[in-house]
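Participant: generate coordinates for the sequence data below:
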Amino acid sequence: MRKLLFVILSCTLTLPLSAQMRYRVQPQAPYSGNEAWLEEMAGRNRFAWEYDADFRYIFDNREFTPSHDALIPSGTLNTLAFIPTVGFSVQQSQRVHHRLAVGLELAHDMGSQTWAGLATEPVAYYDAHVRTRRGLFEGLAGMFPRRFHEGEYTEAFISGMCRDTDRIVEGLLLKWRGERFFAELGSDWMGKYGHDRRERFHVMSFGRWDATPWLALGWTGAFYHYACSDLASNVIDNHLLEPWIKMDAARRTSWQELSLRLSALAGYQRDRAHFEDLMLPVGGDLILTARRWGVELQNETYVGDNLLPLRGLANPAGGVYGTDLYFRSPCYDGFYDRVQLAWLPRLNHYLTLRLAVRAHFGREGFLGWQQQFSLRLSLDALRHRDTLAGRCL
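Facilitator: Predicted structure coming up:
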């Protein structure tokens, strides 16, 4: 009887103890007095709900001379675009942050008598930030607003019209920000193979190194693959690389910017089915910018080969090559000069305003002019004023 009681008592004490040893969380290392370690552990795996709203109003009136082939079609873009998103974030540690958001782009062209196309594109993306001793890495994947691109892409790469009408990127974007260096690499999957729809994707890259407070070196690049469909078997390569140097003399003056940007452009284009020879257009671009009191005067001059040699040629699937092949401004066809006068007031960190007038000149002389107005309000910038470097600007 005593042996039986001893066995029962032993099992009663041993089983709970073994279960506790099996499932309990292992204690952390004892505190050594390092406050950074405490802060790291306190901020680990924190969950928070996310919400954002981005509002844009875009007005762009284009008036171009028909006698000069009207390289840019005349017309008016008058659009409201609103992108609300909801989601959540996880602060894995003081150095690693994850964000997941879903939403919808709502856009309306003023004057259209229907709201049928109000919901234009879905938005769903994953956004991660990793801070290191040397800088900040950010990676995005999914369908996200084009405003996440922070690189300075001239209209030799992507026109203002393309930016204002194709506002959602579908693909990936990787960014690195150091003390004096920034670089990004992004891909936009623009077409899936189909009967009359070509497979196509666009890769863009930008880099900038601030060698001194007044001198910066960098590059801009684009790789565009325009592939096949059931109706067209030809594949076209359209690539462009631009190394550049920028000097800004505004430091220690009352001017906001007094800069000169000089670059060389080298293209690689080939229609693999119709032209055996490569097309290697080259040219040079000079941008002069002066800005003070929020008023900016800028002049851009391009001299070189035609950066759009296939534009206007027959497409085997019907029609001609145009904006489906080239996203850049069509004015870069040998000689192009653009003068811009803009007002960019400093309202606050979450609201931006731009009012501009542009005049375009080509080999034939005056080509046309534009009147532009844009307004953007970012709720994300308002809610996270102190962390703009770690989120979308």
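Participant: can you list the buried residues in stretch 218-238?
Facilitator: Residues of stretch 218-238 classed as buried: 218-229, 232, 234-238 (neighbour count, 16 or more other CB atoms under 10 Å). Placement of C-beta: from N, CA and C, glycine included.
Participant: also stretch 291-299?
Facilitator: Buried residues in stretch 291-299, counted by 16+ other CB under 10 Å: Arg291, Glu296, Gln298.
Participant: tell me how far it lies from the chain's centre.
Facilitator: 24 Å (CA atoms, centre = their mean, to the nearest Å).
Participant: may I have the one helix or strand Ala264 maps to as PDB, with CA atoms only?
Facilitator: Assigned by DSSP states H and E, Ala264 falls within strand 257-271. Coordinates of each C-alpha in strand 257-271 appear next as PDB, following Å, rounded to 0.1, in the frame of the first residue of the first chain:
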ATOM      1  CA  GLU A 257      18.800  75.500 -56.400                       C
ATOM      2  CA  LEU A 258      21.400  76.700 -58.900                       C
ATOM      3  CA  SER A 259      22.300  73.500 -60.700                       C
ATOM      4  CA  LEU A 260      23.700  72.200 -64.000                       C
ATOM      5  CA  ARG A 261      23.000  68.600 -64.900                       C
ATOM      6  CA  LEU A 262      25.000  67.100 -67.800                       C
ATOM      7  CA  SER A 263      24.400  63.600 -69.100                       C
ATOM      8  CA  ALA A 264      25.100  61.200 -72.000                       C
ATOM      9  CA  LEU A 265      22.400  58.900 -73.300                       C
ATOM     10  CA  ALA A 266      23.100  55.600 -75.100                       C
ATOM     11  CA  GLY A 267      20.300  53.500 -76.500                       C
ATOM     12  CA  TYR A 268      20.000  49.900 -77.700                       C
ATOM     13  CA  GLN A 269      17.100  49.100 -79.900                       C
ATOM     14  CA  ARG A 270      16.300  46.200 -82.200                       C
ATOM     15  CA  ASP A 271      13.300  44.600 -83.900                       C
END
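Participant: which parts of the stretch 1-150 of the chain are strands?
Facilitator: 46-64, 75-91, 96-109, 119-131, 135-145 (DSSP state E, counting those that start in this stretch).
Participant: tilt between the longest one and strand 135-145?
Facilitator: Here strand 46-64 runs at an angle of 60 degrees relative to strand 135-145 (axes from the mean of the first three to the mean of the last three CA atoms, to 10 degrees).
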